[in-house]
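>>> Predicted structure and sequence below. I'll ask about it afterward.
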Amino acid sequence: MEFQAKNTDEFIVEMQGKIRENSECGMTHYNLGSAYVAKGRFVEAEAEFHRAVECSPTLVEAYVQLGGLAMNKGDLDGCLEYNEKAIKIRPLFAVPLGNVGFVHLQRGEPDKAIASLRKAIRQDPKFVQALSSLASAYFMKGELDLSMEYSQKTVEIEPKFGPAYNNMALVHMERGEYAKARECLDKAVETGFTPHPGLVRELAEKLGA
């Protein structure tokens, strides 16, 4: 599919025109939905992704996008459902596997999260969000060495991934290594990540700052 548009607004107009010509093309609906996401027009995006899977039931990327929109609304059940649909269609697709793991992590289910996240990184060893989520899941289980290992793998791939430094800080805190925790938290902040105020306060107290 060739595009003539020079920016997102032009792309939206172009995709709307293509849909008028052929309303049964799932990929065109998907592309329009993605453009709406880029513009923050989430209600319209959701409608287009639904149309995309109606026209093309195996278009897994649309299910993943619907899962992302559900997560954006705080709908964990919806996010899980859409990503599980994607996995049924394409079992080895790393992104929905990682998303399912993240949902389980948010629900406080580290074992389920670990199972899904490990599958995700087997498919994509450089999937930094999955690696970092895996570090969080191991921390939740109290497996500090594994948590640190996966955080380090994350920053080796993406040195400016703030959540990984935050995870490292948490591990150092648990180990009583407060100076190292501060170093990691400072690195997290440098990336634009905002640590939990309670963690910042607790660390300052431990360091006597």
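Looks like it arrived, so ask away. Bear in mind the structure is a predicted one, so any value in this text is a computation, not a measurement.
>>> so what are the domain limits for the chain?
The chain is divided into the following domains under automatic domain parsing: 1-57, 79-151, 159-209.
>>> Now mean pLDDT, mean neighbour count and distance to Leu66 too, for those, in a markdown table please.
C-beta coordinates here come from the backbone N, C-alpha and C atoms, glycine included. A markdown table is the format used below for the domains of the chain (pLDDT from 0 to 100; neighbours: other CB atoms under 10 Å; distance: least, CB to CB, whole Å):
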| stretch | mean pLDDT | mean neighbour count | distance to Leu66 |
| --- | --- | --- | --- |
| domain 1-57 | 92 | 16 | 5 |
| domain 79-151 | 97 | 20 | 4 |
| domain 159-209 | 94 | 16 | 24 |
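>>> wait, which of those domains is closest to Asn72?
Evaluated over the domains of the chain, closeness to Asn72 peaks at domain 1-57, with 6.7 Å, by CB to CB.
>>> and the closest residue to Gln106 other than its chain neighbours, how many neighbours does it have?
With CB to CB, 6 or more residues apart in numbering as the criterion, Gln106 has its nearest non-adjacent residue at 6.0 Å, and that residue is Leu76. Leu76 is flanked by 15 other residues according to other CB atoms under 10 Å.
>>> Tell me the secondary structure at Gly68.
Under DSSP: H, G, I helix; E, B strand; the rest coil, the three-state class of Gly68 is helix.
>>> Break down the chain into its strands, ranges please.
Assigned strands in the chain: none (criterion: DSSP state E).
>>> For the domains of the chain, give me TSV that also has distance to Gly67.
As requested, the domains of the chain are exported to TSV (distance: least, CB to CB, whole Å):
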stretch	distance to Gly67
domain 1-57	10
domain 79-151	4
domain 159-209	19
